[in-house]
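> I need the structure of the sequence given here:
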Amino acid sequence: MKQMEVTIMGQSYILGCPEGGEQSLLEAVGNVDREMSAIRDGGKVKARERIAVLAALNLAYALAERPLAAPPRTADGVTSSTDVDALIRRIDQALGADGQLL
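Coordinates of the predicted model:
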């Protein structure tokens with residue numbers, strides 16, 4: 001696992017990142033930094049911990065509101081069982097350990 005140094009709201013962090021996941025991690029860091037900075041700049045919340053919790057809730061809510069992409073279909077219009085299995089794994093990840101779909 002690769003380590004990357006990133007900055008969120010002016011503070012540096014060293015994060016583990018799987019090979020090939022650098023771009024996704026940088027996008028996630030950018031989203032967190034933007035959300036936390038917007039909350040801080042709003043002026044109502046000062047404590048970093050509270051800003052982090054509010055940012056996490058805002059990002060989780062936005063993620064939950066996004067529609068899932070339809071699984072790809074074969075030439076005859078049928079979704080393969082492999083695609084269905086991948087979709088179930090994706091839903092299980094989104095639900096977390098306490099909300100397993102199957």
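> Could you list the low-pLDDT ranges of this structure?
Per-residue confidence for the chain (pLDDT under 70) gives these ranges: 69-83, 96-102.
> And the strands in it?
Here the chain has its strands, by DSSP state E, at 2-8, 11-17.
> TSV please, covering those strands and showing distance to residue 92.
All C-beta spots, glycine's among them, are computed from the backbone N, C-alpha and C. Shown next, in TSV, are the strands of the chain (distance: least, CB to CB, whole Å):
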stretch	distance to residue 92
strand 2-8	26
strand 11-17	22
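> Now tabulate those strands in a markdown table and tack on mean neighbour count.
Below are these laid out as a markdown table (neighbours: other CB atoms under 10 Å):
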| stretch | mean neighbour count |
| --- | --- |
| strand 2-8 | 13 |
| strand 11-17 | 11 |
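> quick one, which of these is nearest to residue 34?
For those, proximity to residue 34 was assessed by CB to CB; strand 2-8 is nearest, at 9.8 Å.
> Name every strand pairing with the closest one and say which way it goes.
As defined by DSSP bridges, the strand partners of strand 2-8 come to strand 11-17 (antiparallel).
> roughly how far is the strand it pairs with from the heart of the chain?
16 Å (CA atoms, centre = their mean, to the nearest Å).
> Contacts for that strand next, please.
1-7, 25, 29 (CB atoms under 8 Å, 6 or more residues apart in numbering).
> and of the strands of the chain, who's closest to residue 89?
Closest to residue 89 of the strands of the chain, according to CB to CB: strand 11-17, at 20.9 Å.
> pull the CA atoms of the closest one into CSV?
Presented in CSV, the C-alpha positions along strand 11-17 are these (Å, rounded to 0.1, in the frame of the first residue of the first chain):
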residue,chain,number,x,y,z
GLN,A,11,-3.7,20.4,8.0
SER,A,12,-1.5,17.6,6.6
TYR,A,13,-2.4,13.9,6.8
ILE,A,14,-0.5,10.8,5.7
LEU,A,15,-3.0,8.4,4.2
GLY,A,16,-2.7,4.8,2.9
CYS,A,17,-3.7,4.3,-0.7
